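Student: Structure of the sequence below:
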Amino acid sequence: MNEDMALPHVADVTEVRAHWNTWQVCFNASSVTVCDASSVERMTTPFVQLMLAAHRAAGLAGGRFLLEQPSEAVQEAFHALGLVPSLQEMNRHD
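Tutor: Purely as a prediction, here's the structure:
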């Protein structure tokens, strides 16, 4: 089962709790969670940490957490934190 959803335009600390709660439900019900990251205009460190945790949690549950079309803001946030390899791991490749 796949679960597709979009990331918010502003992915910051105010969005962390809501997305974590939603993603946890998806990890229990879905083997693959795909987030469209194309419309993200700003991403802060707490949201990057959330995505890293989601990627790990999905893997531990036997699933996958993937990003589709990461915007320039997403790429810049991961690059600034030295996490480009993690972004590449999460990047959806059809």
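Student: continuing past the helix or strand bottoming out on mean pLDDT in the chain, what's the next helix or strand?
Tutor: Lowest mean confidence among the helices and strands of the chain (mean pLDDT, DSSP states H and E): strand 2-6, at a mean of 78. Of the helices and strands lying after strand 2-6 in sequence (DSSP states H and E), the nearest is strand 10-11.
Student: If you average the pLDDT over that next one, what comes out?
Tutor: On average, the pLDDT along strand 10-11 is 94.
Student: Determine the set of other helices and strands touching that strand.
Tutor: Under the contact definition 3 or more Cβ pairs under 8 Å, 6 or more residues apart in numbering; DSSP states H and E, strand 10-11 sits against strand 42-43. Yep, even glycine has a C-beta here, placed from its N, CA and C like the rest.
Student: strands paired with the strand it packs on, and their directions?
Tutor: strand 10-11 (parallel) (DSSP bridges).
Student: Give me the buried positions along the following helix or strand past the partner strand.
Tutor: For strand 10-11, the following helix or strand on the C-terminal side (DSSP H and E) is helix 13-29. Neighbour-count burial for helix 13-29 flags E15, V16, H19, W23, C26, F27 (criterion: 16 or more other Cβ atoms under 10 Å).
Student: Reformat those as a markdown table; add distance to A61 and pLDDT.
Tutor: Formatted as a markdown table, those follow (distance: Cβ to Cβ, whole Å; pLDDT from 0 to 100):
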| residue | distance to A61 | pLDDT |
| --- | --- | --- |
| E15 | 22 | 91 |
| V16 | 19 | 90 |
| H19 | 16 | 88 |
| W23 | 10 | 84 |
| C26 | 10 | 76 |
| F27 | 5 | 76 |
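Student: quick one: low-confidence ranges for the protein?
Tutor: Counting by pLDDT under 70, the chain contains low-confidence residues at 1-3, 29-30, 94.
Student: Which residue would you name as the spatial centre of it?
Tutor: M51 (4.1 Å; Cα atoms, centre = their mean).
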